[in-house]
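Q: Pasting a predicted model and its sequence here:
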Amino acid sequence: MTLAPTRGSKRRAIATPAVARRPLGFFLALPPIILILLFVGFPIVLAFAFSIGLTGGLNHVIASIGLNVHEAENWWGTPAAYIEVLSNSRILRDLSVTVGVTALSTVIVIFLALGIGLFLKLRGGRIARLLSGLAIIPLFIPVVIASWAIVTFYSGDGFVRSVFAQFGVEAPVWAFTMVAVVIGSVWTSLPFAVLMITSGLQAIPNAMIEAARDAGAGFLRIVVSILIPMAFVPILIAVTFTAIGVVGSFTVPYFTGPNAPNMLGVSMSNYFSAFNQPQQSVVMAFIVFVIASGIAAAYVWANFRSAKDQGKV
């Protein structure tokens with residue numbers, strides 16, 4: 001007589017192939033992990049060691065070439081370079097400008113992207129599709145070309161002042177100012193935010209909106225109580241990616257911003273190449289890294305919340 005397999009034996013039969021495939025999956029994932037450790041992780045560790053004054057080994061050459069290098073007298077290093085950078089009024093001003101430009105640019109980008117997404121979701125039509133299409137155009141224009149166009153557009157003899165001069169009005173010059181940096185940051189960051197927020201809003205069932213309208217909810221109530229909460233994760237992801245992209249930007253502030261103050265991306269480049277102070281530039285890089293890590297924590301939390309809502313964790 002043949003006995004029917006029990007539930008426990010079925011579980012073992014199903015689990016055995018999965019267990020057998022675990023080493024294969026580990027070895028398949030090993031090459032990219034090794035590449036990340038070698039080309040990302042190891043340089044970060046080396047740069048951090050240099051920032052705290054550990055100038056031996058692979059850091060010996062750059063320490064011998066660079067100026068104003070603080071060398072550690074203990075095995076654990078020295079915070080002298082960090083103290084110097086964080087007590088420098090010029091660098092602190094650049095840091096405040098970086099945070100301010102990042103916050104303002106992110107708010108403007110999310111406001112525009114959310115407006116386009118809501119217009120496309122609630123009204124639709126040709127105009128809404130045209131707006132969403134125009135918002136994606138900067139994605140296909142190189143940042144260098146866009147930065148140069150912004151400079152020439154808002155310069156002293158640019159298009160804006162030329163048009164206003166026809167009516168006897170003197171328009172402001174925004175080229176090589178932080179206003180131009182904000183405009184360039186919004187230009188380069190808007191396409192991704194529009195794609196992310198629009199896709200999140202389009203995934204919301206229209207039946208929920210119609211039910212809210214039948215219950216007497218107005219436009220603002222539908223947006224605040226239904227659309228934004230249900231698209232919260234895509235919106236937060238757009239916020240984090242926009243903020244991280246702006247805080248670490250170089251091309252836009254380099255081409256469109258003033259000499260001083262400027263964002264930390266340009267300042268660390270100047271300290272490394274023009275001032276020949278690589279240790280100070282590495283310290284500024286780690287300051288940007290800390291700011292970006294704090295922003296990325298919101299992204300990780302958003303993904304965890306999304307997985308939790310879907311029952312994956």
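A: Looks like it came in fine. It should be emphasised that the depicted structure is a prediction, and the values quoted were computed from it without experimental measurement. Numbers count the residues shown, from 1 in each chain.

Q: From residue 200, how far out is the residue nearest to the spatial centre of the chain?
A: The centre of the chain sits closest to residue 244, judged by C-alpha atoms, centre = their mean, with a distance of 2.3 Å. According to C-beta to C-beta, to the nearest Å, residue 244 stands 19 Å off from residue 200. Any C-beta I mention is one placed from the backbone N, CA and C, and that applies to glycine too.

Q: try residue 155
A: Distance, residue 155 to residue 200, using C-beta to C-beta: 38 Å.

Q: Compare the two and say which one has the larger neighbour count.
A: The neighbour comparison of residue 155 against residue 200 (other C-beta atoms under 10 Å) goes to residue 200, with 22 against 16.

Q: per-residue confidence for the residue nearest to that one when sequence neighbours are not counted?
A: Spatially, and ignoring its direct neighbours in sequence, residue 200 is nearest to residue 234 (2.9 Å; C-beta to C-beta, 6 or more residues apart in numbering). pLDDT for residue 234: 89.

Q: can I get the CA coordinates of the one helix or strand residue 234 maps to in CSV?
A: Using DSSP states H and E, residue 234 sits in helix 232-247. Extracted in CSV, the C-alpha atoms of helix 232-247 (Å, rounded to 0.1, in the frame of the first residue of the first chain):
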residue,chain,number,x,y,z
PHE,A,232,3.1,59.4,-0.7
VAL,A,233,5.9,56.9,-1.4
PRO,A,234,6.5,58.0,-5.0
ILE,A,235,6.4,61.6,-3.9
LEU,A,236,8.9,60.9,-1.1
ILE,A,237,11.2,59.1,-3.5
ALA,A,238,11.1,62.0,-5.9
VAL,A,239,11.9,64.3,-3.0
THR,A,240,14.9,62.3,-1.9
PHE,A,241,16.3,61.8,-5.4
THR,A,242,15.9,65.5,-6.2
ALA,A,243,17.5,66.7,-3.0
ILE,A,244,20.5,64.3,-3.3
GLY,A,245,21.0,65.3,-7.0
VAL,A,246,21.0,69.0,-6.1
VAL,A,247,23.2,68.8,-3.0
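
Q: Which parts of it count as buried, going by neighbours?
A: Buried residues in helix 232-247, counted by 16 or more other C-beta atoms under 10 Å: 233-247.

Q: Thank you, goodbye.
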